[in-house]
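Trainee: Return a 3D structure for these sequence lines:
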Amino acid sequence: MPALWSKVAFPSLKPLAAWFQDYLRRIAFMHSWLTAGVPACFWLPGFFFPQGFMTGVLQMHARRYCVAIDSLNFEFNMTRLDAVEQVQAGPTDGIYVDGLWIDGARWNRDDALLDDALPGTMYAPLPIVHFNPVKDYEVPKGEYACPLYKTSQRAGVLSTTGQSTNFVLYVSLAAKHGTSEDYWVLQGVALLCMLDY
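Mentor: Numbers count the residues shown, from 1 in each chain. Down below sits the predicted model:
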């Protein structure tokens, strides 16, 4: 991608042709939202600043239930849905999110947990996830607080919060029995909003 574009564009490590396809998909997603109303499922990689969108979701929940936004955090529930077309309606609370990838592991759909990657497979798609705001939420035992990044670079300029601008949030995932958080950290397991191709 030309350097002049990358200065003002969304973060991406894709080559120009793939970047342009991604750009058109972003426009289509936003256009559909504006013309057809709030989507039942949100394509998170389509946001320039997904952290701001996540804050907005928490703010809406805080206003709806008259709770302090500082007391809210997301609980993450995996659905058995793989495509946006399968989502009939959005959840009562929170949002459905599509488009995330697991780097270094996979989601075992049969057992509904994070599992070792299949041989020769670096990235695996995550099913549609329900991001559900919960008051005073804590990551349950046996779950891995998996970092979610915009790109596979896993680094970026430090923001005013002291975190990398490439980091979005931690997503807690039920993990394979007998594994600890250290097991997944040592394997470098993370979630990505987009791949490099």
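Trainee: Can you mark which positions in stretch 142-149 are buried?
Mentor: For stretch 142-149, a neighbour-count test (16 or more other C-beta atoms under 10 Å) marks 142-144, 146-149 as buried. C-betas here are computed from N, CA, C, even on glycine.
Trainee: Same check on stretch 51-66?
Mentor: Neighbour-count burial for stretch 51-66 [16+ other C-beta under 10 Å]: 51, 53-54, 57-58, 61-62.
Trainee: can you put the buried residues of stretch 142-149 in a markdown table and add secondary structure?
Mentor: Below are the buried residues of stretch 142-149 laid out as a markdown table (DSSP: H, G, I helix; E, B strand; the rest coil):
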| residue | secondary structure |
| --- | --- |
| Gly142 | coil |
| Glu143 | strand |
| Tyr144 | strand |
| Cys146 | strand |
| Pro147 | strand |
| Leu148 | strand |
| Tyr149 | strand |
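Trainee: need those residues in CSV with distance to Val189 and pLDDT, can you?
Mentor: Compiled in CSV, the buried residues of stretch 142-149 are given as follows (distance: C-beta to C-beta, whole Å; pLDDT from 0 to 100):
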residue, distance to Val189, pLDDT
Gly142, 15, 86
Glu143, 13, 94
Tyr144, 7, 96
Cys146, 6, 97
Pro147, 9, 96
Leu148, 11, 96
Tyr149, 12, 95
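Trainee: Show me which of those is closest to Gly94.
Mentor: For the buried residues of stretch 142-149, the residue nearest Gly94 by C-beta to C-beta is Leu148; the value is 15.6 Å.
Trainee: separation between the residue most central in space within the chain and Leu126?
Mentor: Geometric centre of the chain, nearest residue: Leu100, 5.2 Å, by C-alpha atoms, centre = their mean. Using C-beta to C-beta, to the nearest Å, we find Leu100 at a distance of 4 Å from Leu126.
Trainee: what do you get for Leu4?
Mentor: Taken as C-beta to C-beta, the span from Leu4 to Leu126 is 33 Å.
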